[in-house]
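Visitor: What follows is a predicted protein model with its sequence.
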Amino acid sequence: MSRLLRPANLYLLLSYALLSSMPFAARLLGTGGAQDGSAWQLFGAGIFSWIAAWALCKRPAWFHWALLPAFLALPVELYLLVYYGQGISTHHLGVIAETSPSEALEFLGGKAWLLGAVLLGVLLWFGSTWAVAWRSRDFDWADRSRWAVLAALGACAVALAWPSLPGWARPPVDLALVSRSWPFGLSARGVDFYKERVYLAELNRRSAAFRFHATQSGDEHGPQVVVLVLGESSRFDRWSLNGYTRETNPLLGKEDNLVMLKDVITPVSATRLSVPVIISRKPAMQSLKDGFSEKSFLSAFKEAGFKTFWISNQVSFGKFDTPVSVFAQEADEVLFLNLGGVSGASNLDAVLLDPLRRAVADPAQKVLVVLHTLGSHWNYGHRYPKEFDRWLPSLQQMEKPNYTDPRIEPQINNSYDSAILYTDWFLANVIGVLKDSGLPASMLYVADHGQTLYDKSCTLGFHGHNTQYEFHVPAFVWYSGSYGERFPDKVAQLRRHRGARLSTENMFHTLLDMADIRYPGEQLDRSFVNPALKRHKRYVDSYGWTDYDDATMRGDCREVIANGKPLKRR
């Protein structure tokens, strides 16, 4: 025992202990509400993993390199816990995989040098501990107990791989719990991420036979254009149409046939999770899981005789690999136009207008178009041209702004409002294209999520949190005069329900109903252009699934906190 307490050996043991303690960091940081399983269960799972690794490899030197991902992930885990209230998940691995180095550098801004210093420090820490593990033979597991443990592990492995084994004979090993332990549990999360990638890559093939059996009701339907605009990071209370004091919607405010929806929420505040809920029948409480067994409304429109277009100013991490782009591939024509990510080299959303004009002019004349915008994504100063830089000072005068610097709070807010102003211009031009077509046309705009703006009193920023600012999103419907003449009852119901409590789960059903498309199993009680609309519970991802309408908005960040116990994430 005295040999294990030598300074070098003690340094190695403490390093291992620090890695193993990460599942409990959430409780120490006061963000432990999202953790499942008791502390003792997590502790036991971690000990089990250490014993298994040590028994298999005999000495730390032989498994130490397998710990490199955990060393590198530790600062990331702490960052996510401090700013997002949750540790590394499969979703975060997806976000990291879909983020280019230039996007990451832009997100970090002035903190990029700090990231480099942290990375260098972690590598030095890893290298010094490996040197101790390599030189020391004090940790060799050389007695007979190692063989007994190996035999027990082998028996467990056989039992777990034997599906017909009765329940009483199966070992009490919770693999989900092991995946939440540190450091070896990270490998299980990596395996989950890989499996999800494989699943997404094959999703189109597996759902190829799925059919909505959708048709337009009646034979009288002629040419028609339906447009869905997916907004990005747009905040409800920064639209002057929703009462904001700055005139951020001067053009949309002049449209007569525009109906604002005052109470729409998104269940999750991340694009890759929220958009599938908008465009498919994926339930809110399945939004954290990648993939879905059904196709999106794109396929339903195609079955009903529409030509479909997906035109995106977002970036695809391989068009078949992200949850959004898997659905996008259902369209007849797919365009991903952004080669610059969310950096200063990215396109402005105006790049979507010419492809929209071509789509609307298509000889098919019955057309569905999805426009996926960059909207108000950080860096806000990059989301609009100089002529829209109305409120000064702004981020356009700053090369690498740091969103947590309280000195630039005015620049952040000014540029965010200018980004909304540009969105107003863009949407007004979309409406202009539809007016010029002369066809019966309708457009639904909804943001994928909102945005929390760092303002000294609320030290959070961007999205991925659990604030009201991110869950409450702007949405509206515009319709042409000829559409209103064809569907007066739908317009009447739209205006009747403008103040209804809605969620993005309503969008799929409403879009199809707007085009008068019918299909078996339709849920007209989810369409807000239908008299059958009924209120449903609106769950949001806030320390579990929280009923938004039975929650308290806590603190300056207005975190959505359940009045009772939230439902567990599944």
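Guide: Great, that's in hand.
Visitor: So residue 415 sits against residue 378, correct?
Guide: No - between residue 415 and residue 378 there is no contact under CB atoms under 8 Å: 9.6 Å. Using the backbone N, CA and C atoms, a C-beta is placed for each residue, glycine as well.
Visitor: higher neighbour count, those two?
Guide: Neighbours per residue, other CB atoms under 10 Å: of residue 415 and residue 378, the larger number sits with residue 415, 31 against 24.
Visitor: what's the helix or strand for that one?
Guide: Under the criterion of DSSP states H and E, residue 415 resides in helix 409-437.
Visitor: In stretch 55-74, which residues are buried?
Guide: Using 16 or more other CB atoms under 10 Å as the test for burial, stretch 55-74 gives 55, 59-61, 63-64, 67, 70-71, 73-74.
Visitor: So which of the residues you listed is the closest to residue 513?
Guide: Closest approach between the buried residues of stretch 55-74 and residue 513, by CB to CB: residue 73, at 45.6 Å.
Visitor: Quick check, that closest one in contact with residue 186.
Guide: Yes - counting by CB under 8 Å, residue 73 sits close enough to residue 186 to count as a contact (5.9 Å).
Visitor: between these two, what contacts are shared?
Guide: Common contacts of residue 73 and residue 186 (CB atoms under 8 Å, 6 or more residues apart in numbering): residue 88.
Visitor: following the least confident helix or strand in the chain by mean pLDDT, which helix or strand comes up?
Guide: Ranking every helix and strand in the chain by mean pLDDT, DSSP states H and E puts helix 101-108 at the bottom, with a mean of 57. Sequence-wise, the next helix or strand downstream of helix 101-108 (DSSP H and E) is helix 112-135.
Visitor: so how far is that next one from its chain's centroid?
Guide: Its chain's average C-alpha position is 31 Å from that of helix 112-135, according to CA atoms, centre = their mean, to the nearest Å.
Visitor: Run through the strands of the stretch 451-570 of the chain in chain order.
Guide: Remark: strands assigned in the stretch 451-570 of the chain by DSSP state E, counting those that start in this stretch are 472-479, 502-503, 517-518, 539-541, 545-547, 551-554, 559-562.
Visitor: Put together CSV for the ones you listed, with mean pLDDT, distance to residue 246 and mean neighbour count on each row.
Guide: Output for the strands of the stretch 451-570 of the chain, formatted as CSV (pLDDT from 0 to 100; distance: least, CB to CB, whole Å; neighbours: other CB atoms under 10 Å):
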stretch, mean pLDDT, distance to residue 246, mean neighbour count
strand 472-479, 98, 14, 24
strand 502-503, 98, 25, 24
strand 517-518, 96, 39, 21
strand 539-541, 95, 27, 26
strand 545-547, 95, 31, 21
strand 551-554, 94, 23, 15
strand 559-562, 94, 25, 21
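Visitor: nearest to residue 404, of the ones you listed?
Guide: Evaluated over these, closeness to residue 404 peaks at strand 559-562, with 18.1 Å, by CB to CB.
Visitor: Distance from that closest one to the middle of the chain?
Guide: In terms of CA atoms, centre = their mean, the centre of strand 559-562 is found 19 Å from the chain centre.
Visitor: Equivalent analysis for stretch 466-475, please.
Guide: 13 Å.
Visitor: Ends of it, what's the gap?
Guide: Across its full length, stretch 466-475 reaches 20 Å end to end, with CA to CA, to the nearest Å as the criterion.
Visitor: My guess is residue 389 contacts residue 396. True?
Guide: Yes - Residue 389 sits in contact with residue 396 when judged by CB under 8 Å, with a separation of 5.2 Å.
Visitor: which neighbours do these two share?
Guide: Joint contacts of residue 389 and residue 396 (CB under 8 Å, 6+ apart) are 381, 415.
Visitor: What residues of stretch 267-280 count as buried?
Guide: Within stretch 267-280, the residues that qualify as buried are 267-280, counting by 16+ other CB under 10 Å.
Visitor: With stretch 238-245 instead?
Guide: Counting neighbours by 16+ other CB under 10 Å, stretch 238-245 gives 238-242, 244 as buried.
Visitor: quick one on the thing from earlier: other residues contacting the very next helix or strand once past the helix holding residue 415?
Guide: Proceeding N to C from helix 409-437, the next assigned helix or strand is strand 441-447, under DSSP H and E. Strand 441-447 is contacted by residues 224-235, 264, 266, 278, 375, 427, 430-431, 434-435, 473-480, 482-483, 504, 507, 510-511, 514-515 when judged by CB under 8 Å, 6+ apart.
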